[in-house]
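[1] Next comes the sequence, and after it the predicted model I'd like to discuss.
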Amino acid sequence: MNVITINQLKSKQGDFELNIDELNIPKGYITGLIGENGSGKTSLIYHLLNLRVQDTGEIKIFDRTFIEDREYILSNIGIVYSENHFPDFMNPKSLEKIFIDYYVTWDSNLYAHYLDKFEIPMTKKIKTLSQGMKIKLNIATAMSHKPKLLILDEPTSNLDPTFRIELLNILQDLMLDEDQTILFSTHITSDLEQIADYIAFIEEGRLMLYEEKDHLLEQYHIIEGDDLLLDDELDQLLIGTEFNDKRFKAMTKDADVFRELFGDKVIINPITIDQMMYFSKLKRLGVKHEATY
Ligand SMILES: Nc1ncnc2c1ncn2[C@@H]1O[C@H](COP(=O)(O)OP(=O)(O)OP(=O)(O)O)[C@@H](O)[C@H]1O
């Protein structure tokens, strides 16, 4: 079953257009949402939350549109933003009163447990919390009503590395419940290498790929070698080639072809998500990039 389905979504915002033909996010998995600055990750999340409305196309969450069942959708989503959205004058305790009224599934013990674990005092005013503590508070509120879908929009930028590791562990623990689904937008792709099941990659408002992470990282490789080895045909098998000191470096789906032709004259390495984004960008720009290092 899919928790999120998007069909033929088009949405223009100034010069920017979000244009997603199809995206199905399955229940019970962590999907990592990646893309450069300004590629449309937050815009996509805002559309999922109905904070922005598309020009055309359809979004269904839990198999319903916002028009059909806004309340059900919102009461089953937990959202963590990259910045604080809570009023400065409140404290975690007064904030809870609002959430208790809103969510029938709110669990005060769980909230107290998270605040304790994250070392956030119940009665400390939000304005006196550090940036990281505000995000931690948001994480606690997002999880304490036990949402079926947890959406995190770049939450980790202000978090210290120790807490980031804790957060990844918490997210993995949540996934023990097969009904739980997580959409996690982040620039810290090593986090996704650790915990994501699927990767959704957005470039300039378009979904470039949506695939199982393990399959993705198995399919693509980084290949390096002497640029004299290349001809027009082999060039076609490279994605986003970079040249430096008469050597090439590129992403390829056809590492086997190069291995068979050139043996140890080429160096073939596994790819990281960061490298995948980088070489996809070179391909998109359509330039033979001269490396500057
Ligand atoms: N209110 C707005 N009006 C006009 N354009 C907007 C508005 N909000 C965002 N945009 C534009 O939409 C595009 C996508 O922005 P978005 O915030 O979705 O990107 P992002 O992938 O989340 O980026 P980042 O990684 O930097 O957070 C950008 O070009 C941005 O300038």
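    Received it, and whenever you're ready, just let me know what you need.
[2] what's around whatever residue of the stretch 51-200 of the chain ends up closest to the ligand, how many residues?
    Residue nearest to the ligand within the stretch 51-200 of the chain (C-beta to the nearest ligand atom): Glu154, separated by 5.9 Å. For glycine as for every other residue, the C-beta is placed from the backbone atoms N, C-alpha and C. As a burial measure, Glu154 scores 20 neighbours (other C-beta atoms under 10 Å).
[3] try the one 10 residues further on
    Using other C-beta under 10 Å, Arg164 has 17 neighbouring residues.
[4] Please report the distance of it from Leu74.
    Applying C-beta to C-beta, to the nearest Å, the value for Arg164 to Leu74 is 28 Å.
[5] Next: Thr156.
    Taken as C-beta to C-beta, the span from Thr156 to Leu74 is 24 Å.
[6] who's more crowded, the two?
    Thr156 (22 against 16).
[7] what's the distance between that one and Asp21?
    Counting by C-beta to C-beta - Thr156 and Asp21 are separated by 29 Å.
[8] With His215 instead?
    In terms of C-beta to C-beta, His215 sits 20 Å off from Asp21.
[9] contacting residues around Met277?
    By C-beta atoms under 8 Å, 6 or more residues apart in numbering, the contact set of Met277 is 34-36, 189, 201.
[10] Look up phi and psi at Glu119.
    Backbone torsions of Glu119, given as degrees, to the nearest 10, read phi 60, psi 50.
[11] Quick check, pLDDT for it.
    Listed pLDDT for Glu119 reads 93.
[12] This protein - how does it break down into domains?
    Annotated domains of the chain cover 2-211, 220-290 [automatic domain parsing].
[13] Next, the distance between the ends of stretch 245-262.
    End-to-end distance for stretch 245-262, by C-alpha to C-alpha, to the nearest Å: 19 Å.
[14] Give the buried residues for it.
    248-252, 254-255, 258 (16 or more other C-beta atoms under 10 Å).
[15] Just flag the most distant two among these.
    Lys249 and Asp254 (15.1 Å; C-beta to C-beta).
[16] measure the residue of the stretch 51-200 of the chain closest to the ligand to Pro87 for me?
    Relative to Pro87, Glu154 is positioned 22 Å away (C-beta to C-beta).
[17] Which of the buried residues of stretch 245-262 fall within helices?
    255, 258 (DSSP state H).
[18] want to try CSV for the buried residues of stretch 245-262, with pLDDT and distance to Gly286 as columns?
    Output for the buried residues of stretch 245-262, formatted as CSV (pLDDT from 0 to 100; distance: C-beta to C-beta, whole Å):
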residue, pLDDT, distance to Gly286
Phe248, 94, 16
Lys249, 96, 17
Ala250, 96, 14
Met251, 96, 15
Thr252, 97, 17
Asp254, 96, 20
Ala255, 96, 23
Phe258, 95, 22
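[19] Redo the buried residues of stretch 245-262 as a markdown table? Include distance to the ligand.
    As requested, those are arranged in a markdown table below (distance: C-beta to the nearest ligand atom, whole Å):
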| residue | distance to the ligand |
| --- | --- |
| Phe248 | 29 |
| Lys249 | 25 |
| Ala250 | 25 |
| Met251 | 21 |
| Thr252 | 27 |
| Asp254 | 30 |
| Ala255 | 30 |
| Phe258 | 33 |
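[20] Specify the local secondary structure of Tyr210.
    Secondary structure assignment for Tyr210 (DSSP: H, G, I helix; E, B strand; the rest coil): strand.
[21] need the contact list for Tyr29.
    175, 181-182, 197-198 are the contacts of Tyr29 under C-beta under 8 Å, 6+ apart.
[22] Can you tell me the element Glu17 falls in?
    Using DSSP states H and E, Glu17 sits in strand 16-26.
[23] Which elements pack onto that strand?
    strand 2-13, helix 41-48, strand 181-185, strand 198-203, strand 206-212 (3 or more C-beta pairs under 8 Å, 6 or more residues apart in numbering; DSSP states H and E).
[24] and the shortest one with the ligand, contact?
    Read it as strand 181-185. No: using C-beta under 6 Å from any ligand atom, strand 181-185 stays clear of the ligand, with a minimum separation of 7.0 Å.
[25] 4 is where my numbering starts, stick with that
    All set: I'll call the first residue 4, so the last point we hit is now strand 184-188.
[26] quick one: contacts of the helix or strand just after that strand?
    Downstream of strand 184-188, the first helix or strand assigned by DSSP H and E is helix 192-198. Residues from elsewhere that reach helix 192-198 (C-beta under 8 Å, 6+ apart): 33, 35, 37, 159, 167, 171, 174-175, 187, 189, 202, 216, 220, 275-277, 280.
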